[in-house]
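**Student:** sequence? don't have it. structure:
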């Protein structure tokens, strides 16, 4: 079987320099904001209500990217943060930025599916995002369970999978994909993320694969790994999210649907 995580690693790595430039265009005060204790949940403040006080707790961010906005926000909320990304370039940029801001976060190059270099029973919280980049969700959940201390918490925050099945314009919504039969979607050209569309576009001739999962697939993988689900949350945060194309952020029809899904589970 082809290792699609490796495909995604190469495409994602090629994007990181431009990706961070796009983030600086969206937030020119990036360095001042986070070095002065700022937090930016991009409309996902419900995560704090779900997870509770994180001060002094060891937290693993499984997919920080070069901007590390969520890792920085967890750090500035009091957590002791380790942040990983599958791409060396993302970690190189994020580490340099943290040093520039005098922020104490440990950054490591690691695949969030395998977490090979991370020992067992290390963390109080695993903060997981972007399962579309994970080829084997069951393995990922088992490893998130493995690295948590007994009683530790998994907080998984993701785009709501229904969004991937819908196309929207000023006239309404079209269901373009079958939610009930998700599959891995391969593209031969990687064109970045929503934030690149906001600032003129970007692409590279490298293949990438999005692994589509239903809500039931997510919950079953979490339960199958041994977690106990505590609660879930659906939200619409498109207007507050930087990494979304402008026409998506402002679409009145999409505003009536959930854009995000969050689950909290205990080991």
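**Tutor:** Now that the structure is in, tell me what you want to look at. Since this is a predicted model, take the numbers as computed values, not measurements.
**Student:** okay, CA-based contacts and neighbour counts for the rest of this
**Tutor:** Fine.
**Student:** shouldn't residue 15 be in contact with residue 193?
**Tutor:** No: at 9.3 Å, residue 15 does not count as touching residue 193 under the criterion of Cα atoms under 8 Å.
**Student:** Between those two, which has more neighbouring residues?
**Tutor:** Set side by side, residue 15 and residue 193 show more neighbours around residue 15, with 22 against 16, by other Cα atoms under 10 Å.
**Student:** Look at that one and give its secondary structure.
**Tutor:** Here residue 15 is recorded as helix under DSSP: H, G, I helix; E, B strand; the rest coil.
**Student:** where's it relative to residue 205, distance?
**Tutor:** Distance, residue 15 to residue 205, using Cα to Cα, to the nearest Å: 11 Å.
**Student:** before we move on, what about residue 230?
**Tutor:** Distance from residue 230 to residue 205, by Cα to Cα: 42 Å.
**Student:** In the stretch 1-150 of the chain, mark out all the strands, start to finish.
**Tutor:** Using DSSP state E, counting those that start in this stretch, the strands of the stretch 1-150 of the chain run over 58-61, 80-85, 106-109, 123-129, 148-159.
**Student:** Of the ones you listed, which is nearest residue 218?
**Tutor:** Ranking those by proximity to residue 218 (Cα to Cα) places strand 148-159 first, at 9.4 Å.
**Student:** List the buried residues of the closest one.
**Tutor:** Neighbour counts over strand 148-159 (16 or more other Cα atoms under 10 Å) mark 148-149, 152-159 as buried.
**Student:** The residues you listed into TSV, with extra columns for pLDDT and distance to residue 182?
**Tutor:** Formatted as TSV, the buried residues of strand 148-159 follow (pLDDT from 0 to 100; distance: Cα to Cα, whole Å):
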residue	pLDDT	distance to residue 182
148	98	29
149	98	33
152	98	30
153	98	28
154	98	24
155	98	23
156	98	19
157	96	19
158	94	16
159	90	15
